[in-house]
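Engineer: Predicted structure and sequence below. I'll ask about it afterward.
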Amino acid sequence: MRLFSLSRLFLPFYLALSGILLGSECPELVDVASMRRPPLEEIRYATRANFTGEQLYPFPAAYVRKQLIPHLEQIQRELASKGLALKIYDGYRPLPIQQKMWDLIRDERFVSNPAVNRGRHTRGTAVDVTLVDRRGKPVPMPSDFDEFSPRAAVNYRGGTPEERRNRDLLQRVMISHGFLSYPDEWWHFDFKGWEKFPPMRVRFQDLKRCQGPREITAR
Ligand SMILES: [Zn+2]
């Protein structure tokens, strides 16, 4: 009874505090599923089928800063004219999860060290993407997503000509619409000027609260 009344007493404060914490950053993040041409999603970090072997996100979703959305829409439009589309593996990644990945890999070619730059995905300005055809089938690439090997490099000369062509097409289209390539991972792109955006503090489980009811029900 006592606990009950205490929690009733503190609940409004808690809600107000979480509102303040979320309030400033929440409106900055947008679910890519709310795009006019949403990319296909394969959020492996919401499953155990990723390099950590653990489920890192409580549900599958990819959020990015709102500034990226018009660029991603343009990319989708251009790809659609070629019978292709984006598939997204990851967008915003909270800092504690970045830290966990770093602790496992500790190789700055493949995971950014939170102690150095507090990550790239943590700013909501990075996407991990590949190409799919009209039916959603992934086109061949020189390596799998999150394959930490020389095959993941943007300038890898091995693999088949078709794989290299697909990788180079993805690079060209992303770069021509405001993204920067990342030399060690063909799937990773940073929004131009990403360093100017600070890392965010929104927890993954709070992301769905970041958008109004319309967007939530549209998922
Ligand atoms: Zn990435």
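Structural biologist: Perfect, I can see it now.

Engineer: from here on, contacts and neighbour counts on C-alpha atoms
Structural biologist: Will do.

Engineer: Show me the beta-bridge partners of Asp90.
Structural biologist: Asp128 (DSSP bridges).

Engineer: wait, it sits on Asp128?
Structural biologist: Yes - here Asp90 reaches Asp128: they are 5.1 Å apart, a contact under C-alpha atoms under 8 Å.

Engineer: Enumerate the residues of the protein near the ion.
Structural biologist: Contact residues (C-alpha under 5 Å from the ion) of the chain with the ion: Asp128, His188.

Engineer: The chain: strands as residue ranges?
Structural biologist: Assigned by DSSP state E, the strands in the chain fall at 29-31, 40-41, 63-65, 84-90, 126-133, 179-181, 188-191.

Engineer: burial count for the residue of the chain at minimum distance from the ion?
Structural biologist: Relative to the ion, the nearest point of the chain is His188 (4.3 Å; C-alpha to the ion). Residues near His188, counting by other C-alpha atoms under 10 Å, number 26.

Engineer: one step back: could the strands of the chain go into TSV alongside distance to Gln205?
Structural biologist: Shown next, in TSV, are the strands of the chain (distance: least, C-alpha to C-alpha, whole Å):
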stretch	distance to Gln205
strand 29-31	13
strand 40-41	18
strand 63-65	12
strand 84-90	15
strand 126-133	19
strand 179-181	27
strand 188-191	23
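
Engineer: Including mean pLDDT and distance to Tyr156, could these go into a markdown table?
Structural biologist: As requested, the strands of the chain are exported to a markdown table (pLDDT from 0 to 100; distance: least, C-alpha to C-alpha, whole Å):
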| stretch | mean pLDDT | distance to Tyr156 |
| --- | --- | --- |
| strand 29-31 | 95 | 32 |
| strand 40-41 | 98 | 26 |
| strand 63-65 | 97 | 28 |
| strand 84-90 | 98 | 21 |
| strand 126-133 | 98 | 16 |
| strand 179-181 | 98 | 14 |
| strand 188-191 | 98 | 15 |
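
Engineer: Can you give me every residue that contacts the residue positioned nearest the centre of the chain?
Structural biologist: The centroid of the chain falls nearest to Gly91 when counting by C-alpha atoms, centre = their mean (0.9 Å). When contacts are counted by C-alpha atoms under 8 Å, 6 or more residues apart in numbering, Gly91 touches Ala62, Tyr63, Val64, His121, Gly124, Thr125, Ala126, Val127, Asp128.

Engineer: ok, now with 6 Å
Structural biologist: Shown in contact with Gly91 (C-alpha atoms under 6 Å, 6 or more residues apart in numbering): Ala62, Tyr63, Val64, Ala126, Val127.

Engineer: And the pLDDT for it?
Structural biologist: Looking at Gly91, its pLDDT is 98.

Engineer: Quick check: Phe189 vs Ala62, distance?
Structural biologist: From Phe189 across to Ala62, the span is 14 Å (C-alpha to C-alpha, to the nearest Å).

Engineer: likewise Thr125?
Structural biologist: For Thr125, the distance to Ala62 - C-alpha to C-alpha - is 11 Å.

Engineer: Name the residue in the two with the higher neighbour count.
Structural biologist: With neighbours defined as other C-alpha under 10 Å, Thr125 and Ala62 compare such that Thr125 has more, 29 against 25.

Engineer: Now that that one has come up, it's in contact with Phe191, right?
Structural biologist: Yes - contact status for Thr125 versus Phe191: in contact at 5.3 Å, counting by C-alpha atoms under 6 Å.
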